[in-house]
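Compute the structure for the input listed below.
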Amino acid sequence: MTQQILNAIFIGSIYALFAVGYTLVFGVLDVLNLAHSAVFMLGAVITYSLVALHGMPFLPAAVIAVLVCGLLGLLIEFVALRPLRRRNAPPISALISTIGLALIFVAIVEQANPGSFFSWLWQDGANSVRFPAGAVPNPTFHVLGLTIEGTKLLILITAVVLMLVLGYVIRFTQLGRALRAVAENRRAATLLGIQVDRIFASTLFLSSALGGLAGLLFGLAISDISPYIGRDQVELKGLAVIVLGGMGSIPGAVLGGYLLGLIEVLAFVRFGSNVEAGVAFAALFLVLVIRPQGLFGARLRERL
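Now for the predicted structure:
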């Protein structure tokens, strides 16, 4: 059981990183970026492509993939969100436009035109791929009867460090104060001289970079990279995490990610893989019935 709890911590770290990206955009823009799951997928696919096709070492490939995902966040802002915001479109318009972008991103990865960047990924009818053996050193440690893989330990350390850094940025830096000011009141922030559009763009860049990082870590840990890992594996779970933790609360997203990972692992041990996801969402439903603002939300209006 202790080994399973350790596994829950590893997968919870990925859920938390993914959900932080979701909730960061929701906290500032008051919209859900449903293209976030496709950016998550692209983080894994781009890293894999650079490592397997171009022979690039994993670390620089990962850095490039994260930066590309951040730039995709800017694309989402300029193409799918800003034009609607300037026309005062209803929030449902942003949901539809980001869903459309997500479908486009997945279709690009699915396509198999000869010579294209992704054409070789799904050759011979393969539904998923994994990083080449030896691409990332993966020593195994045995501590107090527990087996700890080096890649999963790297995932845990990376996720915890990044979330601590993000928490520091949000609370104690000028950018963080600007983010919180815009989240609280856009008009007042504008009167104070804050460039709101720049804050929105920075938020989408940071959110998407975190989503891409979560995706490549997921592909590394699970060894299952496909065009559908965002949609099938984490999209609904990410939404569940931010509701569970409290809408717009970054600490809640972090704690909710770990809690969902623990619930899933315990459900898997007790009931098997067939009902794992169902038990997790049943627990979420129960929490929301008892505490509608989520476990870690003091008020429904609380942000960041």
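
quick one: the residue sitting furthest away from the middle of the chain from residue 181, how far?
The centre of the chain is farthest from one residue, residue 191, which by Cα atoms, centre = their mean lies 32.6 Å away. Separation of residue 191 from residue 181 (Cβ to Cβ, to the nearest Å) stands at 10 Å. In short, each C-beta sits where N, CA and C put it, glycine included.

Could you do residue 59 as well?
Distance, residue 59 to residue 181, by Cβ to Cβ: 36 Å.

Residue 234 now?
From residue 234 to residue 181 the distance is 30 Å (Cβ to Cβ).

and stretch 39-48, which residues are buried?
39, 40, 41, 42, 43, 44, 45, 46, 47, 48 (16 or more other Cβ atoms under 10 Å).

one step back: compare residue 59 and residue 181 and say which is more crowded by neighbours.
Using other Cβ atoms under 10 Å, the more surrounded residue of residue 59 and residue 181 is residue 181, with 18 against 11.

now the more buried one, nearest residue through space, not along the chain?
The shortest distance from residue 181 to any non-neighbouring residue, by Cβ to Cβ, 6 or more residues apart in numbering, is to residue 189 (4.3 Å).

give me the low-pLDDT residue ranges for the stretch 101-250 of the chain?
Applying pLDDT under 70 to the stretch 101-250 of the chain flags the ranges 112-127.

so after the helix or strand harbouring residue 198, what's the next helix or strand?
If you go by DSSP states H and E, residue 198 is part of helix 196-222. Following helix 196-222 in sequence order, the next helix or strand is helix 235-245 (DSSP H and E).

what sits up against that following helix?
Helix 235-245 has contacts (Cβ atoms under 8 Å, 6 or more residues apart in numbering) with 15-16, 18-19, 22-23, 26, 32, 34, 36-37, 248, 251-257, 259-260, 277, 280-281, 284, 287-288, 294-297.

which among these end up buried?
15-16, 18-19, 22-23, 26, 32, 34, 36-37, 248, 251-257, 259-260, 280, 284, 287, 294-297.

and the residue lying closest to residue 70 once chain neighbours are set aside, how many neighbours?
Spatial nearest neighbour of residue 70, chain neighbours left out: residue 209 (3.7 Å); criterion: Cβ to Cβ, 6+ apart. Per other Cβ under 10 Å, the neighbour tally for residue 209 reads 23.

How about residue 169?
Neighbours of residue 169 using other Cβ under 10 Å come to 14.

That one contacts residue 177, correct?
No: under the criterion of Cβ atoms under 8 Å, residue 169 makes no contact with residue 177, lying 10.0 Å away.

quick revisit: so which of the contacts of helix 235-245 sit within helices?
Counting by DSSP state H, those place 15-16, 18-19, 22-23, 26, 36-37, 251-257, 259-260, 277, 280-281, 284, 287-288 in helices.

Can you tell me the element residue 148 falls in?
Counting by DSSP H and E, residue 148 is found in strand 146-149.
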